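Trainee: here is a sequence with its predicted model. Questions after.
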Amino acid sequence: MSKLRLSPAQRTMLHNAVNGKPLLLGLTRTSVSHRTHSTAQALHRAGMLYGIDHKPTAAGIAYFKATALSD
């Protein structure tokens, strides 16, 4: 199974969700002001986040475990 490619903003947002931090932490000013809604929606569509409070799914958590194993 190939790993889903995420943009830097998507990786940052997913990493924050997995670690219980605010989703916007570490995003650039442009990302925050214009595209955070689209980024969160893309993560929901990819099955990485769920619910109105944007909790990570098992696939979202596994994304970073797979990254650590492949490095």
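Mentor: Everything's here; your move. Numbers count the residues shown, from 1 in each chain.
Trainee: remind me which residues of the protein are low pLDDT?
Mentor: For the chain, applying pLDDT under 70 flags the ranges 1-2, 30-34, 66-71.
Trainee: which element is the residue nearest the centre of the chain on?
Mentor: Nearest to the mean C-alpha position of the chain, by Cα atoms, centre = their mean, lies Leu14 at 2.1 Å. Following DSSP states H and E, one finds Leu14 within helix 8-18.
Trainee: what are the buried residues along that helix?
Mentor: In terms of neighbour count (16 or more other Cβ atoms under 10 Å), helix 8-18 has its buried residues at 9-18. Glycine gets a C-beta too; all of them are placed from N, C-alpha and C.
Trainee: and the two most separated of those residues?
Mentor: Largest separation among the buried residues of helix 8-18 by Cβ to Cβ: Ala9 and Val18, giving 15.0 Å.
Trainee: buried ones in stretch 42-57?
Mentor: In stretch 42-57, counting by 16+ other Cβ under 10 Å, buried: 42-43, 46, 48-49, 54, 56-57.
Trainee: show me where this protein has helices.
Mentor: 8-18, 29-30, 36-45, 58-70 (DSSP state H).
Trainee: right, I'll leave it there.
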